[in-house]
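Participant: I need the structure of the sequence given here:
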Amino acid sequence: MTATISCALRKLTKRPASIACWWGIGPISRMAFWLPRWPDYPTEKISFLLAHRPGFVSPTLAARKFATLEHLLGGRLAVHIISGGNDAEQRRDGDYLNHDQRYARTDAFLDTVRKVWTAEQPVDIDNDFYQAEQAWSAIRPLQQPHIPIYFGGSSRGCHCGGR
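Facilitator: You can find the predicted model right below:
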């Protein structure tokens with residue numbers, strides 16, 4: 001399969017238009033942050049959309065990982081935030097928050113990530129889901145004001161994503 005993907009990507013790079021790829025990362029994936037790095041080698045035109053589910057990686061660490069990956073990809077990264085699937089899927093990973101609580105956590109996650117990306121100096125984080133002292137990232141997103149964030153779903157999702 002790797003050879004097939006590599007061959008397909010090489011063919012795609014001969015096209016002049018920018019192309020976007022979505023790397024769907026399921027709940028059992030081992031490569032949630034670094035899989036999109038591999039296709040960077042054969043192309044300079046493909047942009048990447050990384051799916052991320054808040055709740056298992058702290059937002060301060062996620063902000064640094066996203067910014068690092070975005071730099072490795074030359075500014076060609078966007079992040080798709082997924083608040084969670086059905087309750088049974090969430091519980092398989094030890095997440096017992098209900099639907100509304102997951103959206104509230106996602107809102108706090110995104111607020112924290114944006115603060116870390118845009119802060120001129122270390123910031124303290126204190127909300128219902130995350131606390132951190134002197135949170136900081138030396139690596140800043142290349143895209144300004146920050147890496148694009150995509151969000152799909154319900155009306156509550158519109159509120160979170162729209163902020």
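
Participant: what about the longest strand along the chain, average pLDDT?
Facilitator: What stands out as the longest strand in the chain, according to DSSP state E, is strand 46-52. Averaging pLDDT along strand 46-52 gives 86.

Participant: tell me what that strand is packed against?
Facilitator: Using 3 or more Cβ pairs under 8 Å, 6 or more residues apart in numbering; DSSP states H and E as the contact criterion, the secondary-structure elements in contact with strand 46-52 are strand 19-23, helix 59-72, strand 77-81. C-beta: built from backbone N, CA, C; applies to glycine.

Participant: switch the cut-off to 10 Å
Facilitator: In this structure, strand 46-52 makes packing contacts with strand 19-23, helix 59-72, strand 77-81, strand 149-151, judged by 3 or more Cβ pairs under 10 Å, 6 or more residues apart in numbering; DSSP states H and E.

Participant: can I get those in a markdown table with mean pLDDT?
Facilitator: Putting the helices and strands packed on strand 46-52 into a markdown table (pLDDT from 0 to 100) gives the following:
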| stretch | mean pLDDT |
| --- | --- |
| strand 19-23 | 49 |
| helix 59-72 | 93 |
| strand 77-81 | 94 |
| strand 149-151 | 92 |
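
Participant: to residue 136, which of those lies closest?
Facilitator: Evaluated over the helices and strands packed on strand 46-52, closeness to residue 136 peaks at helix 59-72, with 8.3 Å, by Cβ to Cβ.
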